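**Student:** how does the following fold in three dimensions:
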Amino acid sequence: MADWSGLHEDFLLLLVPRLPSLDLRRFRAVCASWRAAAATFTSGHGRPRPDRPWLALPTDAADPDGRRFVICRDREVPVVTLPARLGRAHDRGFVPLGSSRGVMVAADDRGDMHLLDLVTGKRMPLPPVATLPLVDRVERTLAGLSVHHQRAGVSGVDAVDGLIHKAIPVPTPDGGVLVVAIYRQPHHRNQWATARPGDGAWKSVKPSSIPAVVDLALHRGQLYANTHYGMVYVYPELRGLGSASPEIIPSVTRRPTSYVERSFLVETPGGGGLMQVELLRPVLAAGGEGFVVRMLDECGETWEEEEDIGDVAVLVDASGAVAASTRECPGLRPSTVYYAVDLDGETRVWAYSLAGKHKKIEVVESLPRAEGYKPPCFWYTPVYAV
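**Tutor:** Residues are numbered from 1 along each chain as shown. Reported below is the predicted structural model:
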C-alpha cells in the first residue's frame, strides 16, 4: 500500500495551489503532513482555485448517512443532488430560498429558518417564518408548510417559497451577515425584511423606500436594489435601510420587441464590476431565450450593454445569478450565460453565447426530475474557509 504521508513537503506545496477549494478541504483530511502543507499554504495568504458553481437539485431522496449531498463534477456544470431532508438526529424537510458567498438561506417544514453552509454543514438560526411582516401564522400540512398571511388587505395561504421571492445573505462591515428577504406583494410592490443570525424576529423595511424590488447585491460596500422596471436603488450602507434616501440609477431603454421576464444583479468575479442580467422574451433564437448583460460604468451612474463579457460566465436560475471566472474555472465557456430551469419531468440547462454577431444557444444538460413538488433548482457557489 502506498505511504501517502511520505510524500516530500516540497511536492505537496507545489500541488496545493493547483487544487480547487473543495479538493483542498479533502486534501487536508488525508493525513498530518498533508494538513501541514495546506496550513503552510493558507498561512502565507494563499487562496485555492474557486470551484465551479454547483447546480443544486433538491430531490425526494432521504439522507440517512448525513452526507447532505452527492456531487457529479464530471460535467460542464457540476450537479449536486440535495436530499429532501437534512439533519441527523432530527431531520427536517427544507426549502431553499436563496444563496450567496457560500451560504444558503432555507426554511424547514416546522417554520424555522436557517443559514446553511452545504460544504461544512454549519448552521446558524434565523428568525422563524411566523415573524415575517404580514404573516399571521404557519401550519404544517402533509403537503408542507402553509403560510397564512395578509397582503394588500386580503388574506391568503401560500407555500413559504410562494410568499418569499428570495432571501439574500449580505456580509456586513463587522464581519457578520445580514439576510434580506424579499416577499411578494400584488402589483409588483414587493417588500423586504431583514434579520441577522440569532435575532428573534424579522424587521420590516418601509415599502415606500424601494418599490418593486426583485434582486439585491452588495458591491463595493454599497447595497444595490434592482427593480422590476429596471431602475436600481443604491444604499451607501446597511444601517437604516428603511429611512435612508437612496440614489437612483436610471433604467435603460428596453427593446420594444421583447419584455423582461427576469432581471438580476451579479458582481463580476473578484468584485471589480457589477452586472445587470436580464432574460428577454420573445427573441429570435432557438429555445426562445435571450439575455442582455449590462455593466455599471466606473462612476456608478449608467448601465452599458456588453456584447462580450470576456473571461466570465454568468449562471442564472429562476431567482438569482452567480458569476465565475473561466480562467479559474476552465470547464466553463467564456462570455456565456448558463440558464437552468425546471420543466415538466426534467431540469434543463442552456448555454447562451453572448459573443459574436450570431448568438448561439444550446442545451448542455438535461436531467430527469422525480415526480411531485420539488423546490426549484438553484446555483450554489461553494466557498472555502480555513
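
**Student:** what stretches of the stretch 151-300 of the chain score poorly on pLDDT?
**Tutor:** Scanning the stretch 151-300 of the chain for pLDDT under 70 picks out 151-153, 186-189, 206-211, 242-243, 255-257, 282-289.

**Student:** show me where it has strands.
**Tutor:** 154-159, 164-171, 177-183, 191-195, 203-205, 213-219, 222-227, 232-235, 247-249, 259-267, 274-281, 290-296 (DSSP state E, counting those that start in this stretch).

**Student:** tell me which residue lies nearest the centroid of this structure.
**Tutor:** Nearest to the mean C-alpha position of the chain, counting by CA atoms, centre = their mean, stands Ser99 at 3.6 Å.

**Student:** can you tell me the SS state at it?
**Tutor:** With DSSP: H, G, I helix; E, B strand; the rest coil as the basis, Ser99 sits in strand.

**Student:** now Val341: how far from Leu280?
**Tutor:** 15 Å (CB to CB, to the nearest Å). C-beta here means a position set from N, CA and C on the backbone, and glycine is covered the same way.

**Student:** the more surrounded of these two?
**Tutor:** Higher neighbour count among Val341 and Leu280: Leu280, with 20 against 16, using other CB atoms under 10 Å.

**Student:** could you check how far the nearest residue to the more buried one once chain neighbours are set aside is from Asp342?
**Tutor:** The spatial neighbour of Leu280 that comes closest, neighbours along the chain excluded (CB to CB, 6 or more residues apart in numbering), is Ser258 at 4.1 Å. To Asp342, Ser258 is 22 Å away according to CB to CB.

**Student:** so what does the helix or strand Val95 falls within touch, helix or strand wise?
**Tutor:** Secondary structure assigned from DSSP states H and E places Val95 in strand 92-100. Helices and strands touching strand 92-100, by 3 or more CB pairs under 8 Å, 6 or more residues apart in numbering; DSSP states H and E, are strand 85-86, strand 103-108, strand 144-151, helix 160-163, strand 164-171, strand 378-380.

**Student:** quick one: buried residues of that strand?
**Tutor:** 93-100 (16 or more other CB atoms under 10 Å).

**Student:** and which of the residues you listed is nearest His148?
**Tutor:** His148 lies nearest to Val95 out of those, by CB to CB, at 16.6 Å.

**Student:** show me what that closest one bridges to in the sheet.
**Tutor:** Bridge pairing for Val95 (DSSP bridges) gives the partners Ala107.

**Student:** can you tell me the closest non-neighbouring residue to the residue nearest to the centre of the chain?
**Tutor:** Closest residue to Ser99 apart from its sequence neighbours, by CB to CB, 6+ apart: Tyr380 at 5.1 Å.

**Student:** I'd say that neighbour and Pro53 touch.
**Tutor:** Yes. Look at Tyr380 against Pro53 with CB atoms under 8 Å: they come within range, at 6.5 Å.

**Student:** who touches Asp109 in this structure?
**Tutor:** 92-94, 140, 144-145 (CB atoms under 8 Å, 6 or more residues apart in numbering).

**Student:** try Trp303
**Tutor:** By CB under 8 Å, 6+ apart, the contact set of Trp303 is 249, 252, 276, 294-297.

**Student:** 10 Å - rerun?
**Tutor:** Each residue near Trp303 by CB atoms under 10 Å, 6 or more residues apart in numbering is listed here: 230, 232, 249-252, 274-276, 292-297.

**Student:** once you drop chain neighbours, what's closest to it?
**Tutor:** Trp303 sits nearest to Arg294 (CB to CB, 6+ apart), 3.9 Å away.

**Student:** what separates stretch 100-109 from the chain centre, distance-wise?
**Tutor:** In this view, stretch 100-109 has its centroid 9 Å away from the chain centroid, taken as CA atoms, centre = their mean, to the nearest Å.

**Student:** in it, what's buried?
**Tutor:** Neighbour-count burial for stretch 100-109 flags 100, 102-109 (criterion: 16+ other CB under 10 Å).

**Student:** now that stretch - C-alpha only, CSV.
**Tutor:** Provided in CSV are the C-alpha atoms of stretch 100-109 (Å, rounded to 0.1, in the frame of the first residue of the first chain):
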residue,chain,number,x,y,z
SER,A,100,-24.7,33.9,-1.8
ARG,A,101,-21.0,33.7,-0.9
GLY,A,102,-21.1,30.0,0.1
VAL,A,103,-24.2,30.1,2.4
MET,A,104,-27.8,29.2,1.7
VAL,A,105,-31.0,30.6,3.3
ALA,A,106,-33.6,27.9,3.8
ALA,A,107,-36.9,27.4,5.6
ASP,A,108,-37.8,24.0,7.1
ASP,A,109,-41.1,22.2,7.4
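
**Student:** same question for it, mean pLDDT?
**Tutor:** For stretch 100-109, mean pLDDT is 87.

**Student:** what are the buried residues along the longest helix anywhere in the chain?
**Tutor:** Taking DSSP state H as the criterion, the chain has its longest helix at helix 32-43. Residues 34, 37-38, 41-42 are the ones in helix 32-43 that count as buried (16+ other CB under 10 Å).

**Student:** and stretch 354-368, by the same measure?
**Tutor:** For stretch 354-368, the neighbour count (16+ other CB under 10 Å) marks 354, 359, 361, 364-365, 367 as buried.

**Student:** chain center to it, what's the gap?
**Tutor:** That offset, for stretch 354-368, works out to 21 Å (CA atoms, centre = their mean).

**Student:** end-to-end on it?
**Tutor:** Start-to-end span of stretch 354-368 (CA to CA, to the nearest Å) is 28 Å.

**Student:** do the same with stretch 40-49
**Tutor:** With CA to CA as the measure, the first residue of stretch 40-49 is 16 Å from its last.

**Student:** all set, thanks.
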